[in-house]
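Chemist: Structure of the sequence below:
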Amino acid sequence: MLSSDVVVIGGGVVGLCSAWRLSQQGVKVTLLEKGVCGSGASMASLGALMPYNANVNTALAEEQRESLWRYPLFAKELFEETGVEIKYTRSGRIQPIHNEQQHTRNLECVELANVSWPSIQKGNPQQLLSEDEARKKEPELAIGEYGALYCRNTAFVNPQHLVMALRAACMRNGVQIFEHADVYKIESENGKVTKVLSSAGPFATEKVLIAAGAWGKLLETTVPVQPLRGHAVSFHTAKPLIKTLIRSRGLYIIQQTPNRILVGASKDKDAGFYNVIDEDIISNIIEKSENILPVLAECEIEKKWVGFRPASQVKDPVVSQSETVEGLYIATSHGGVGICMTPIVGEQVRQLICG
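Modeler: I've put the predicted structure just below:
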C-alpha cells in the first residue's frame, strides 16, 4: 500500500494550489483527480478576476480582493517555478451604467475604491466615464447616456495555462498526481482518517483534503456544496474587438486571444450535474452579448459549453477541518470566485494543515 502525508482529492486550481503549497513545506502529497487536472469548473471558467465592489464588506469580499491583489506576484512566482505563463492580463473593466440609480451607486463605489484599494500606475483604481469617454476606450461597445464604470484593478488569466502551471509546480515539488483516479471511500478508525480507497489503489494517510469542487458532497455528505451549472460561449473574431473586460447585464465578455472572445455565464442552481447544453440558455447569452457588443452578430460561434461551480450551501466558502473526523479537511464552495481565490486559498490550506 502506498502512503502519503496528505492526500488531496481534486485536481482543479484549488486542489493543485493547495498541493503545491503543502509540498513546498516538505509535506509528502498525493493528488487524486477523477478526470484530468482542471477538467471540472477550472477549465470551464472564463478566468475573470473582477474584485467585489468596494461597498461590499463581507469576509468573502475582503478575502477575494486581497487574493486578487496578490495575483501579479503569484503569477510571477509560478513562472519562475515552472516557466509557464498563466497569461495574467490587467485589462481593466468597463461596466455600462443603465440608469440614475446605478450611476449614484457606482459613484459611491468609486470613491470608496479610490481610498482603500491599491493604486494603479496609470491612475486611480476606478473612475466613472462619460458616454464619450467610454466610447473612446471601447468603440464597439453599446454605451448609453449614463456612461460606464471603469475599474483598472480588473484582470483575467487563461484558466488552461493556470492549471498547466500549477500542475507543473506540483510535479516539480514532488507531488504524486494520479489522474483518472476515482475515489471510492475515505476510511477512518476511532474518528481519525486512516486511508483513501481509489481506482489508483489504496493510500495510507492521516490527512485528507477534499478539494473536489461541486463533487465534494459525493465524497463526504457534510461538505456544504452543490453544483451551480453555468453556460458559456466563445466567438471567433477576425481581429481584437475589445481591450477591456466588459461586464454588463450579468455577462462577462473577455478578449482572451486576438481571435477569440469568451462570453458567460448563466447560473442554474437546480440543474444538478446535468451536463447537456440548453440551447435556449445559449441563445439568451448570445442575444444579450450581441446587444452589449453588436459587432458579435457578425462573428462565428466557436464553442459552447457547460460547467459546474461549487456553490456554497452556507454563507461563505469553506476552508476548514471536519468537526467529526480528525485529519479530514475541506476546501470548497467557492462558487464563481474559485480562480480569484486561488492564491489566498493555497496559503489558507497550508496554514490549516501545517500550522
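Chemist: Of all residues in the protein, which one is nearest the centre?
Modeler: Among the residues of the chain, the smallest C-alpha distance to the mean C-alpha position (C-alpha atoms, centre = their mean) belongs to residue 339, namely 2.4 Å.
Chemist: That residue: what's it in contact with?
Modeler: Contacts were defined as C-beta atoms under 8 Å, 6 or more residues apart in numbering; by that measure residue 339 touches 13, 42, 45, 47, 48, 49, 157, 159, 162. Glycine gets a C-beta too; all of them are placed from N, C-alpha and C.
Chemist: Could you measure from it over to residue 268?
Modeler: Using C-beta to C-beta, to the nearest Å, we find residue 339 at a distance of 20 Å from residue 268.
Chemist: hang on, the earlier thing: so which of the contacts of residue 339 comes closest to residue 148?
Modeler: The shortest gap between residue 148 and any of the contacts of residue 339 belongs to residue 48, at 16.8 Å (C-beta to C-beta).
Chemist: Which strand residues bridge the closest one?
Modeler: In this structure, residue 48 has the following beta-bridge partners (DSSP bridges): residue 156.
Chemist: give me every residue that touches it.
Modeler: Residues in contact with residue 48 (C-beta under 8 Å, 6+ apart) are 154, 156, 245, 252, 254, 339, 340.
Chemist: Kindly report the same for residue 298.
Modeler: Residues near residue 298 by C-beta under 8 Å, 6+ apart: none.
Chemist: per-residue confidence for it?
Modeler: Reported pLDDT at residue 298 in the predicted model: 96.
Chemist: how much space between it and residue 135?
Modeler: The separation that residue 298 has from residue 135, given C-beta to C-beta, amounts to 19 Å.
Chemist: Spell out the residue ranges of the helices in the stretch 201-350 of the chain.
Modeler: With DSSP state H, counting those that start in this stretch, the ranges of helices along the stretch 201-350 of the chain come out as 216-219, 279-292, 338-354.
Chemist: Which of those helices has the highest mean neighbour count?
Modeler: Stretch with highest mean neighbour count among the helices of the stretch 201-350 of the chain: helix 338-354 (a mean of 21; mean count of other C-beta atoms under 10 Å).
Chemist: ok, back up a step: of the helices of the stretch 201-350 of the chain, which shows the lowest average pLDDT?
Modeler: helix 216-219 (a mean of 90).
Chemist: where does it sit relative to the chain's centre, distance-wise?
Modeler: What separates the centre of helix 216-219 from the centre of its chain is 20 Å, taken as C-alpha atoms, centre = their mean, to the nearest Å.
Chemist: Counting by contacts, list what that helix packs against.
Modeler: strand 225-236 (3 or more C-beta pairs under 8 Å, 6 or more residues apart in numbering; DSSP states H and E).
Chemist: Tell me what angle the strand it packs on forms with helix 279-292.
Modeler: Strand 225-236 runs at 50 degrees relative to helix 279-292, counting by axes from the mean of the first three to the mean of the last three C-alpha atoms, to 10 degrees.
Chemist: so who does residue 164 touch?
Modeler: Here residue 164 is in contact with residue 84 (C-beta under 8 Å, 6+ apart).
Chemist: pLDDT score for it?
Modeler: The predicted structure scores residue 164 at 98 on the pLDDT scale.
Chemist: coming back round to it: and the contacts of residue 339, which is closest to residue 193?
Modeler: After measuring these against residue 193 - C-beta to C-beta - the closest member comes out as residue 13, at 23.9 Å.
Chemist: closest to residue 351 among the contacts of residue 48?
Modeler: Minimum distance to residue 351 across the contacts of residue 48 is 19.1 Å, recorded for residue 340 (C-beta to C-beta).
Chemist: you'd agree that closest one is up against residue 67?
Modeler: Yes. With contact defined as C-beta atoms under 8 Å, residue 340 reaches residue 67; the gap is 5.9 Å.
Chemist: Read off the pLDDT value for residue 317.
Modeler: Note on residue 317: pLDDT of 87.
Chemist: Can you report how many residues lie near it?
Modeler: Residue neighbour count, defined by other C-beta atoms under 10 Å, stands at 27 for residue 317.
Chemist: next one: the one 3 residues further on
Modeler: Applying other C-beta under 10 Å, we find 13 other residues in the vicinity of residue 320.
Chemist: swap in residue 293?
Modeler: As a burial measure, the neighbour count of residue 293 was computed by other C-beta under 10 Å and equals 23.
Chemist: burial measure for residue 204, as a count.
Modeler: For residue 204, the neighbour count with other C-beta under 10 Å is 14.
Chemist: Now do the same contact list for it.
Modeler: When contacts are counted by C-beta under 8 Å, 6+ apart, residue 204 touches 1, 2, 3, 4, 194, 195.
Chemist: Okay, and which of those map to strands?
Modeler: Judged by DSSP state E, strands contain the following of the contacts of residue 204: 2, 3, 194, 195.
Chemist: Now do the last one, the pLDDT please.
Modeler: Put plainly, it is residue 195. On pLDDT, residue 195 comes in at 97.
Chemist: Isn't it up against residue 207?
Modeler: No. With contact defined as C-beta under 8 Å, residue 195 does not reach residue 207; the gap is 11.3 Å.
Chemist: That's all I had, so thanks and see you.
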